[in-house]
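Trainee: Got a predicted structure plus its sequence, pasted below:
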Amino acid sequence: MTLDSSVMNVSIKSVANDLGTTVTGIQTAITLYTLVMAAFMITGGKIGALIGRRRAFAIGLVVYGCGSLVTALAPNLTVLIIGWSGLEGLGAALIMPAIVALVAGNFAPERRSYAYGIIAAAGAIAVAAGPLIGGAVTTFASWRWVFVGEVVIVGFILSGLRRIEDVAPESRKRFDVLGALLSVVGLSLTVFGVLRSGVWGVVKPKPGAPQLFGVSAVVWLVLGGLLFIGALLLWESRLEEHGGEPLFRPSMFRNIQMTGGLVAFFFQFMVQGGIFFTIPLFLSVVLELNALQTGLRLLPLSLTLLLAAVLIPRLAPMASPRTVVRLGFGAILVGTLVLVAGLDPGANAGIVLIPMALVGVGIGAIASQLGAVTVSAVPDSESAEVGGLQNTFTNFGASLGVALVGAVLIGSLTTSFIKGVTDNPSVPAEVTATATVKMESGIPFISDSELKSRLESSGLPQATQEAVVAENSSARLIGLRTALWLVALLIVIGLFFTGMLPRRPLQAADSGSAEARPDG
């Protein structure tokens, strides 16, 4: 599943061209994929607790495999969203919480940390290998073959499922239907509102955009989503207080170590989602590299991420989780700022080398700590519940990160382009007026070659065409820089919450303790 996401990011341009859609369309699919996982993760974990973890794992695999097959055969964006964002997302929501519980049921207590580490390493390897695998397959064959391969892999996993010892389902069989609906609606409305902000306007509605009382629909969607999330917390608290069976127990959030780990996960994946969406666009659209070349330019990130995730626990097993995570966020921040400084009209692919290496070190350092921070904060009996919350926070962060960064990117691109053509004397006033009306709701993020091809049939004078291409090129870089500034801001905000992480090494803490003090 991690490989799946990294492949789609590096192949954005190829997938968009193949399906006859835009970068914004693929951004929507990526956002919805992680959103579906986030919205249904807690529900998926509860279903696994009721029907048995291995059965939930098997059902999730079948749904995921069907989604992969639909994605591989997708003729357009709509079918891609149904297969990839919908079916694969729902399958993942059953698979991921089940994995946490199955590890606890198949490994002795002293071996579980090792097993969870293997899972974290597998994710790091997938992030590292994804750009290269996706780039190579997309360049020499088609991105569709990646999803065909996933169907085969699902078949292999299903064939060996009997070797996994099942975890007995809970004796009580009641399911919190209202809580499930509130979580799905709340998370979905919030992220969808952010996703559409670049097209509809954040507060002031853009021409033709939906509105209510003169305010953009984005405001009402986000407010509605937050109200549903608030209602979810109240409902789950009520169920817990009266001895019911909530989807999750809000009282768990009183555990400062666990909550700090979840919040750090949220910001890590929000930043990670934004970076993994933005940088491939710079390489594949601005520099017009193919998918393999794009993957190769991301290799420094892949290698340093893997090295940091594997070596830090080995070389510094007694390091402070709080310090390591702060240094990780700091490395990502420095890498992002170096990249912003290097984005200029003469920039080439070489400018991403050092920034990507720094970002990889930062992500790897954070990944080496947070999984153990959250799981070790509670007794083994609650590990599956924490696993469901962890996956919800990470996927919600990723979907919100892609939605936010994408909206800012397209919004900044549109504003800069319209201002540029308006101020450019080579662009006639009538052309400027027409472009302003047509593009105020958002313009596509396209390469110079594609724009030149479209302008050739426009009948505009050659000087005007060249001016439009130049303004688009300048606006693209402004949009990318603005999006990366947002990423930097999110990193700084995330750093403020790292004080909730334990200061002492986890090995030094009492085994199985649910410590609530900030210093662990």
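Mentor: The structure has been received and is ready for your questions. Numbering: from 1, shown residues only.
Trainee: The closest residue to residue 501 other than its chain neighbours and residue 255, how far apart?
Mentor: Distance criterion CB to CB, 6 or more residues apart in numbering; nearest residue to residue 501, sequence neighbours excluded, is residue 322 at 4.1 Å. (C-beta placed from N, C-alpha, C; glycine too.) Distance, residue 322 to residue 255, by CB to CB, to the nearest Å: 16 Å.
Trainee: swap in residue 339?
Mentor: From residue 339 over to residue 255 (counting by CB to CB), the distance is 36 Å.
Trainee: more neighbours, those two?
Mentor: Neighbour totals were compared for residue 339 and residue 255, and residue 339 leads with 26 against 20 (other CB atoms under 10 Å).
Trainee: Could you look up the SS state of that one?
Mentor: What DSSP: H, G, I helix; E, B strand; the rest coil gives for residue 339 is helix.
Trainee: Grab the nearest non-local neighbour of it.
Mentor: residue 355 (4.0 Å).
Trainee: quick one, phi/psi of residue 206?
Mentor: In this entry, residue 206 is assigned phi and psi values of phi -80, psi 160 (degrees, to the nearest 10).
Trainee: you'd agree it is up against residue 199?
Mentor: Yes: in terms of CB atoms under 8 Å, residue 206 counts as a neighbour of residue 199; the distance is 7.1 Å.
Trainee: which parts of stretch 247-254 are buried?
Mentor: For stretch 247-254, a neighbour-count test (16 or more other CB atoms under 10 Å) marks 247-250, 252 as buried.
Trainee: What are the contacting residues of it?
Mentor: If you take CB atoms under 8 Å, 6 or more residues apart in numbering as the criterion, stretch 247-254 is touched by 42-43, 46, 176, 179-180, 183, 233, 236-237, 240, 258-259, 378, 382, 385-386, 388-389, 516.
Trainee: before we move on, back to that, so the residue nearest to residue 339 versus residue 306, what's the distance?
Mentor: Counting by CB to CB, the gap from residue 355 to residue 306 is 17 Å.
Trainee: which one of those two has more residues nearby?
Mentor: residue 355 (24 against 20).
Trainee: Give the rounded mean pLDDT of the helix or strand containing the more buried one.
Mentor: Per DSSP states H and E, residue 355 falls inside helix 353-375. Model confidence over helix 353-375, given as mean pLDDT, is 86.
Trainee: by contact count, what packs against the very next helix or strand once past that helix?
Mentor: Following helix 353-375 in sequence order, the next helix or strand is helix 383-423 (DSSP H and E). If you count contacts as 3 or more CB pairs under 8 Å, 6 or more residues apart in numbering; DSSP states H and E, helix 383-423 packs onto helix 23-51, helix 89-106, helix 177-195, helix 197-200, helix 256-281, helix 353-375, helix 429-439, helix 462-496.
Trainee: Helix 383-423 versus helix 89-106: what angle between them?
Mentor: 150 degrees (axes from the mean of the first three to the mean of the last three CA atoms, to 10 degrees).
Trainee: How far away from the center of its chain is helix 383-423?
Mentor: 8 Å (CA atoms, centre = their mean, to the nearest Å).
Trainee: what angle separates that helix from helix 353-375?
Mentor: 150 degrees.
Trainee: my read: residue 57 touches residue 96, true?
Mentor: No: between residue 57 and residue 96 there is no contact under CB under 8 Å: 9.5 Å.
Trainee: what is the mean pLDDT for stretch 148-164?
Mentor: 90.
Trainee: next one: that stretch to chain centre, how far?
Mentor: 25 Å.
Trainee: Pull out the buried residues from that stretch.
Mentor: So for stretch 148-164, counting by 16+ other CB under 10 Å, buried means 148-151, 154, 164.
Trainee: Contacts for that stretch, please.
Mentor: By CB under 8 Å, 6+ apart, stretch 148-164 touches 4, 54, 57-58, 61-62, 64-65, 68-69, 72, 102, 106.
Trainee: hmm, 6 Å instead?
Mentor: By CB atoms under 6 Å, 6 or more residues apart in numbering, the residues outside stretch 148-164 that reach it are 54, 58, 61, 65, 68-69, 72, 102.
Trainee: One more: stretch 179-193?
Mentor: With CB under 6 Å, 6+ apart, stretch 179-193 has contacts from 35, 38-39, 42-43, 218, 221-222, 224-225, 228-229, 231-232, 235-236, 247, 399-400, 403.
Trainee: try 8 Å this time
Mentor: 31, 35, 38-40, 42-43, 46, 217-222, 224-229, 231-232, 235-236, 239, 246-247, 396, 399-400, 403.
Trainee: Stretch 44-63 now?
Mentor: 87-88, 90-99, 101-102, 105, 154, 157-158, 161, 164, 166-170, 173, 175-176, 180, 247, 384-385, 387-388, 391.
Trainee: repeat for stretch 280-288
Mentor: Under CB under 8 Å, 6+ apart, the answer for stretch 280-288 is 9-10, 12-14, 23, 289-291, 293-294, 297-298, 343, 348-349, 352, 409, 445-449, 473, 476-477, 480.
Trainee: How far away from the center of its chain is it?
Mentor: For stretch 280-288, the distance to the chain centre is 19 Å (CA atoms, centre = their mean).
Trainee: if we can go back for a sec, what comes up buried for the one helix or strand the residue nearest to residue 501 maps to?
Mentor: Assigned by DSSP H and E, residue 322 falls within helix 321-342. Neighbour counts over helix 321-342 (16+ other CB under 10 Å) mark 321-322, 324-340, 342 as buried.
Trainee: in this protein, what residue sits furthest out from the centroid?
Mentor: residue 461 (42.8 Å; CA atoms, centre = their mean).
Trainee: Can you check the pLDDT for it?
Mentor: Value listed for residue 461 in the pLDDT field: 76.
Trainee: Got phi/psi on it?
Mentor: According to degrees, to the nearest 10, residue 461 has phi -60, psi 150.
Trainee: What's the separation between it and residue 455?
Mentor: Taken as CB to CB, the span from residue 461 to residue 455 is 10 Å.
Trainee: And residue 302, by the same measure?
Mentor: 37 Å.
Trainee: now residue 222
Mentor: Residue 222 is 37 Å from residue 455, by CB to CB.
Trainee: Those two - which one has more neighbours?
Mentor: In terms of neighbours (other CB under 10 Å), residue 222 is the more surrounded of residue 222 and residue 455; the figures are 20 against 17.
Trainee: Skipping its backbone neighbours, what lies nearest the more buried one in space?
Mentor: Nearest to residue 222 is residue 193, by CB to CB, 6+ apart, at 4.0 Å.
Trainee: and the residue nearest to residue 331 when sequence neighbours are not counted, how far is that from residue 352?
Mentor: The shortest distance from residue 331 to any residue other than its chain neighbours is 3.5 Å, reached at residue 362 (CB to CB, 6+ apart). According to CB to CB, residue 362 and residue 352 sit 15 Å apart.
Trainee: Likewise for residue 408?
Mentor: Residue 408 is 20 Å from residue 352, by CB to CB.
Trainee: Also residue 9?
Mentor: 14 Å.
Trainee: Quick check, residue 15 in contact with residue 143.
Mentor: Yes: contact criterion CB under 8 Å: residue 15 and residue 143 qualify, at 5.6 Å.
Trainee: who has more neighbours, the two?
Mentor: More neighbours surround residue 15 than the other of residue 15 and residue 143, with 27 against 22 (other CB under 10 Å).
Trainee: would you say that one is within a helix?
Mentor: Yes: judged by three-state DSSP, residue 15 forms part of a helix.
Trainee: any idea how far it is from residue 81?
Mentor: In terms of CB to CB, residue 15 sits 12 Å off from residue 81.
Trainee: any idea how far residue 338 lies from residue 294?
Mentor: Residue 338 is 19 Å from residue 294, by CB to CB.
Trainee: again with residue 402
Mentor: 17 Å.
Trainee: Save the buried residues of stretch 247-254 as a markdown table, and put in pLDDT too.
Mentor: Output for the buried residues of stretch 247-254, formatted as a markdown table (pLDDT from 0 to 100):
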| residue | pLDDT |
| --- | --- |
| 247 | 77 |
| 248 | 78 |
| 249 | 83 |
| 250 | 86 |
| 252 | 84 |
